[in-house]
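Q: Dropping the sequence and predicted coords here.
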Amino acid sequence: MLYLPAFVLFLYLFFRLVLPSGLSRAGKAAAGAALFLASQEYLLNGFFFGGLSAPNLPSWVLMLQGWLFSSLLFLFALTLIRDIVRLGVRFVRWAGHALRREKRQSPVFSSGRRRFLASSLAVAPASVLGRASLAGLVLAPTAYGVHEAVVVPEVRQREVILPRLPAALDGLRLAQISDLHVSPLLGREWVRAVVDRVNAQAADVVVLTGDMVDGLPAARAESVAELRRLRARHGVLACAGNHEYYSGFKAWTEIFPDLGMSMLLNNHQVLGIRGHELVLAGVTDPVAARFNLPEPDLAAALAGAPDGAVRILLDHRPGNAARNARNRMDLQLSGHTHGGHAPGLSTVVALFNKGYVRGWYRVAGMPLYVSSGAGLWNGFPLRVGVPSEIALITLRCAAARPA
């Protein structure tokens, strides 16, 4: 699914920018080859460097790949917009000239129409200054975006009112970590820094909402071992994301408990806090079906849970929020979207997640928080205007509602 769109992207840019340029034949060949290699990051990593999910490459190479590929995407968007605008302007001019002509019948594909289309899509050779300006316009923001993708996430303070929350639990704090994507790009030192920031909050509960790892345990065990240092008064709980399944699900689900994490895979845990019960439930990911493993089952996750207790659900994907709200969940915590990565891309991400991208939503009365993620997949390391985060969520009872 990723290889073909990348090839189409290459073809479009090659025919729209490289061929019409003023470069020599050798220059065009070199530019085309560079464009092809930059566009085929997924193909190269998938076949030659250990796999698409977690290639065995140094972090600086992955950052370089991400920078070049995201630059190509940005260049593609700019070129497509330019071509559409040019076509529109040319069409308006052509239509105006046509109205002033004498009325006469003309063939559907007349020579005039062919000339119109050809001239509309023609690209005049750019000046050196123009090429430099375009390169700066594309390369600078994407370089910034790659830098922002790999920084240690800041702690973001959040609050939510849960009408059924007992007054004794008012002020309870949950630290949510989502989408760590531990990989060669985000390795041991980065994970250690994330853990240190979480522990500094002294949260009551730490929850991880999926996509903790990219890669098999043999390759990631040392980096992931840093998660053993996570501390919370009432435990560290986690659900699975889709990338756990790509990375050796069964092996990881044996390792995570050894690191002190309670895995909520279509089950729940009842926490006794300040004389009250709090239910933390978690479901699996829909991609489990591809691996003949249990798909998300909320009924199973809640089986035997006390009816009167507040229920908080860890569901990696936010798209099932409406269904979860109908099953009397008090709060859903999700990730998966990486906050949409950047303006424009967030619209595309929203299409695949029922409109949920980042931040707070209210779904049939149920609060849903979609984390922007602490990390992201090494195959697309880009954040522009969408900073990573560790969400520190403070629960408030109804009595805390402002008048």
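A: Yep, it's here.

Q: Can you check the distance spanned by stretch 293-301, start to finish?
A: Using C-alpha to C-alpha, to the nearest Å, the end-to-end distance of stretch 293-301 comes out at 15 Å.

Q: low-confidence ranges in this structure?
A: Applying pLDDT under 70 to the chain flags the ranges 1-2, 98, 100, 102-135, 400-403.

Q: domains of it?
A: Using automatic domain parsing, the domains assigned to the chain come out as 3-147, 152-398.

Q: Turn these into CSV, columns for mean neighbour count.
A: In short, each C-beta sits where N, CA and C put it, glycine included. Below are the domains of the chain laid out as CSV (neighbours: other C-beta atoms under 10 Å):
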stretch, mean neighbour count
domain 3-147, 15
domain 152-398, 20
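
Q: any idea where the helices of the stretch 101-250 of the chain begin and end?
A: Along the stretch 101-250 of the chain, counting by DSSP state H, counting those that start in this stretch, helices occupy 111-121, 128-150, 188-199, 217-224, 242-246, 249-258.

Q: residues in contact with the shortest one?
A: Contacts to helix 242-246, defined as C-beta atoms under 8 Å, 6 or more residues apart in numbering, come from residues 53, 181, 210-214, 252-253, 285-288, 290-291, 293, 316-317, 336, 377.

Q: and with 7 Å instead?
A: Applying C-beta atoms under 7 Å, 6 or more residues apart in numbering, the external contacts of helix 242-246 come out as 53, 181, 210-214, 252, 285, 287-288, 291, 316.

Q: want to throw the residues you listed into JSON lines with distance to residue 372?
A: Converted to JSON lines, these look like this (distance: C-beta to C-beta, whole Å):
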{"residue": "53", "distance to residue 372": "21"}
{"residue": "181", "distance to residue 372": "13"}
{"residue": "210", "distance to residue 372": "14"}
{"residue": "211", "distance to residue 372": "13"}
{"residue": "212", "distance to residue 372": "16"}
{"residue": "213", "distance to residue 372": "19"}
{"residue": "214", "distance to residue 372": "18"}
{"residue": "252", "distance to residue 372": "23"}
{"residue": "285", "distance to residue 372": "19"}
{"residue": "287", "distance to residue 372": "21"}
{"residue": "288", "distance to residue 372": "24"}
{"residue": "291", "distance to residue 372": "27"}
{"residue": "316", "distance to residue 372": "14"}
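
Q: Out of those, which sit inside strands?
A: Using DSSP state E, no member of these falls within strands.

Q: elements contacting whatever helix or strand residue 64 lives in?
A: Secondary structure here is read from DSSP states H and E; on that basis residue 64 sits in helix 59-100. The helices and strands touching helix 59-100, judged by 3 or more C-beta pairs under 7 Å, 6 or more residues apart in numbering; DSSP states H and E, are helix 3-13, helix 25-39, helix 111-121, helix 128-150.

Q: mind checking the end-to-end distance for stretch 204-224?
A: End-to-end distance for stretch 204-224, by C-alpha to C-alpha: 22 Å.

Q: Over to stretch 238-246?
A: 17 Å.

Q: what residues are up against residue 46?
A: Residues near residue 46 by C-beta under 7 Å, 6+ apart: residue 52.

Q: Offset the numbering so it begins at 10, please.
A: With 10 as the first residue, the last one maps to residue 55.

Q: Sticking with it, tell me its helix or strand.
A: helix 50-57.

Q: how far out from the middle of the chain is that helix?
A: 20 Å (C-alpha atoms, centre = their mean, to the nearest Å).
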